[in-house]
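**Q** predicted model and sequence follow; I will ask about them next.
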Amino acid sequence: MTPTRAIDSARVAVAALGGALALGAAAPVADDSVATVEFQGHRLHTLRRGPESGRSVLLLHGAKFDSETWKKLGTLDALAGAGFRAVALDLPGFGKSPRWTFDRSKLLAELLPVLGLDRPVLVAPSMSGSVSFPLILQHPEMVAGFVAVAPAGTPQYARRLKNSPVPTLVVWGSRDRVFPMSQAKLLAACFKKANVVILPDAQHPAYLDQPERFHESLLKYLGSLDD
């Protein structure tokens, strides 16, 4: 399935997703909101969805995508419908956020307070691993959980993340040709508590090929986190 077809099919399927999961009644869904934040002299673009009282989920993206991907895929709707506060970010130089030189090792630690996110769950596909791993390593107290979707940097950080306390979900596509599936097990072993989900017949951006299974796994994981 092509990414475009997967996104279109997800729009149809996501409405029924919340009721199919044993996560309790869905919370009222707030309207989409577009928000920009001032950061390091630039304006970063975000999409926000779901009740402000819900647990925050920060959605990052890979090199070929941006915040709109999560909207088109139905991820913002799936999270909001389950009572979570979803925030999708355009990283610097992507989507509607301008490009500038920044320190990847400090980006998220400095940005989370500006976004108004207190201990969000971090969803990090592919390229966004390069800004997510430094936060998980240096400031594990700043996140409530980590959803690593075939993130870049796994071999480099695996040696340094041993016994990390951050509860983690590792997601990989069985047909990933960018980062081998063997890295999923390597990454999961770095955390005290981690589950691995392999999406069958999915390529590197596995959530595009298997959006329904990705959403189901994501919501199940979020529902398992301690308050």
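**A** Noted; the coordinates are in hand. Numbers count the residues shown, from 1 in each chain.
**Q** tell me how many other residues crowd residue 35.
**A** Residues within reach of residue 35, counting by other CB atoms under 10 Å, total 12. Heads up, the C-betas are built off the backbone N, CA and C, glycines and all.
**Q** and it, what element?
**A** Assigned by DSSP states H and E, residue 35 belongs to strand 33-39.
**Q** repeat that for residue 137.
**A** Remark: residue 137 resides in helix 129-138, with elements defined by DSSP H and E.
**Q** what's next to whichever helix or strand comes after that helix, contact-wise?
**A** Using DSSP H and E, the next helix or strand after helix 129-138 towards the C-terminus is strand 145-149. The contact list for strand 145-149, computed with CB atoms under 8 Å, 6 or more residues apart in numbering, reads 121-126, 129, 132, 136, 154, 166-172, 187, 191, 206-207, 218, 221-222, 225.
**Q** circling back to that earlier point, mean confidence score for the strand holding residue 35?
**A** The average of the pLDDT scores along strand 33-39 is 90.
**Q** what about the strands in the protein?
**A** Secondary structure of the chain (DSSP state E): strands located at 33-39, 42-49, 56-59, 85-89, 121-125, 145-149, 168-173, 194-199.
**Q** where among these is the average confidence lowest?
**A** The stretch with the lowest mean pLDDT among the strands of the chain is strand 33-39, at a mean of 90.
**Q** ranking helices and strands of the chain by mean pLDDT, which lands last?
**A** Least confident helix or strand of the chain, by mean pLDDT, DSSP states H and E, is helix 17-20 with a mean of 36.
**Q** please report how far the residue lying closest to residue 175 once chain neighbours are set aside lies from residue 173.
**A** The shortest distance from residue 175 to any residue that is not its chain neighbour, by CB to CB, 6 or more residues apart in numbering, is 5.0 Å, and that residue is residue 203. For residue 203, the distance to residue 173 equals 5 Å [CB to CB, to the nearest Å].
**Q** same question, residue 135
**A** With the distance defined as CB to CB, residue 135 ends up 24 Å from residue 173.
**Q** comparing the two, which shows the higher neighbour count?
**A** Neighbour count, other CB under 10 Å: between residue 135 and residue 173, residue 173 has more, with 26 against 23.
**Q** on that earlier part again, report all helices and strands that the strand holding residue 35 contacts.
**A** In this structure, strand 33-39 packs against strand 42-49, helix 107-115, with contacts taken as 3 or more CB pairs under 8 Å, 6 or more residues apart in numbering; DSSP states H and E.
**Q** of these, flag the one that's most buried.
**A** Of all the helices and strands packed on strand 33-39, strand 42-49 has the most neighbours on average by mean count of other CB atoms under 10 Å, namely a mean of 20.
**Q** now do it against strand 85-89, angle only.
**A** Regarding strand 42-49 and strand 85-89, their directions subtend 140 degrees when assessed with axes from the mean of the first three to the mean of the last three CA atoms, to 10 degrees.
**Q** what's in contact with strand 42-49?
**A** Counting by CB under 8 Å, 6+ apart, strand 42-49 makes contact with 29-30, 32-37, 67-68, 70-71, 76-77, 79-80, 85-90, 92, 95-98, 100, 111, 115, all of which sit outside it.
**Q** rerun at 7 Å
**A** When contacts are defined by CB atoms under 7 Å, 6 or more residues apart in numbering, strand 42-49 is touched by residues 30, 32-37, 67, 71, 76-77, 79-80, 86-90, 95-98, 100.
**Q** nothing else from me, thank you.
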